[in-house]
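Novice: model the structure of this input:
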Amino acid sequence: MGPSLPQTDISALYARYGFFLRRRCRTILRDDALADDTLQEAFVKVLRSDGALHGVEEPLRWLYRVVDRCCFDALRRRRRSLESPCDEEGASVHPGVEIELRDAVLRLLATLSEDEMRIALLLFVDGMSQGEIAEEMGVSRVTVNKKIQVIRGRAQLWLGRAPSTEAAS
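Specialist: I've put the predicted structure just below:
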């Protein structure tokens, strides 16, 4: 691969995208200190990525994937403790997503598989359509739909609702 990114490039990436990436970490992890640590871990991975960012058409989307993986790792490390700190301040909400359902999904994130975690973030945080998620992940829309139904059902149960009822309240 190409040469690793110089420190000045990493600093420029952080200056340009750090706010968005930290906000995403806080949304996923719901813990300021853990979000900061995870963001730092993500930038260390970018620094060691051997120039993988060169030639990427959409750097923010690529950085989101790196940050998501680091957050998933942090969630796995914390999986035994299902009670995660809840800090609503600064948590992003996509306008097309029911807030209670999004929060339930985020609380259950550590119990999901990695693919389900990615789908949950793309749908409930980023507000992407099923077609966009399928394209992003390189899977069929049917696969995405099935996983969304499982995720939504678990969240509905967590909220104390019957899984068959959609967000019609």
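Novice: CA atoms for contacts and neighbours, from now on please.
Specialist: Fine.
Novice: which element, helix or strand, includes residue 16?
Specialist: Counting by DSSP states H and E, the element that carries residue 16 is helix 7-29.
Novice: before we move on, what about residue 147?
Specialist: Per DSSP H and E: helix 141-158 holds residue 147.
Novice: run the chain-centre distance for the helix holding residue 16.
Specialist: 14 Å (C-alpha atoms, centre = their mean, to the nearest Å).
Novice: next helix or strand past the helix or strand where residue 61 lies?
Specialist: When elements are assigned from DSSP H and E, residue 61 belongs to helix 59-77. Next along the chain after helix 59-77, taking DSSP H and E as the criterion, comes helix 99-108.
Novice: okay, buried residues for the helix or strand bottoming out on mean pLDDT in the chain please.
Specialist: Sorting the helices and strands of the chain by mean pLDDT, DSSP states H and E puts helix 99-108 at the bottom, at a mean of 85. Buried residues in helix 99-108, defined by neighbour count with 16 or more other C-alpha atoms under 10 Å: 101-108.
Novice: now that helix - C-alpha only, CSV.
Specialist: Once non-C-alpha atoms are left out, helix 99-108 reads as follows in CSV (Å, rounded to 0.1, in the frame of the first residue of the first chain):
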residue,chain,number,x,y,z
ILE,A,99,-36.8,9.1,19.4
GLU,A,100,-37.9,6.5,21.8
LEU,A,101,-37.3,3.7,19.3
ARG,A,102,-33.9,5.1,18.4
ASP,A,103,-32.9,5.3,22.1
ALA,A,104,-34.1,1.7,22.7
VAL,A,105,-32.1,0.5,19.7
LEU,A,106,-29.0,2.4,21.0
ARG,A,107,-29.4,0.8,24.4
LEU,A,108,-29.6,-2.6,22.8
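Novice: output the contacting helices and strands for that helix.
Specialist: Packed against helix 99-108 by the contact rule (3 or more C-alpha pairs under 8 Å, 6 or more residues apart in numbering; DSSP states H and E) you find helix 141-158.
Novice: could you figure out how far the helix it packs on is turned away from helix 99-108?
Specialist: 90 degrees (axes from the mean of the first three to the mean of the last three C-alpha atoms, to 10 degrees).
Novice: counting by contacts, list what helix 141-158 packs against.
Specialist: Helix 141-158 packs on helix 99-108, helix 114-120, helix 130-137, going by 3+ C-alpha pairs under 8 Å, 6+ apart.
Novice: out of those helices, which gets nearest to residue 64?
Specialist: Closest to residue 64 of these, according to C-alpha to C-alpha: helix 114-120, at 10.5 Å.
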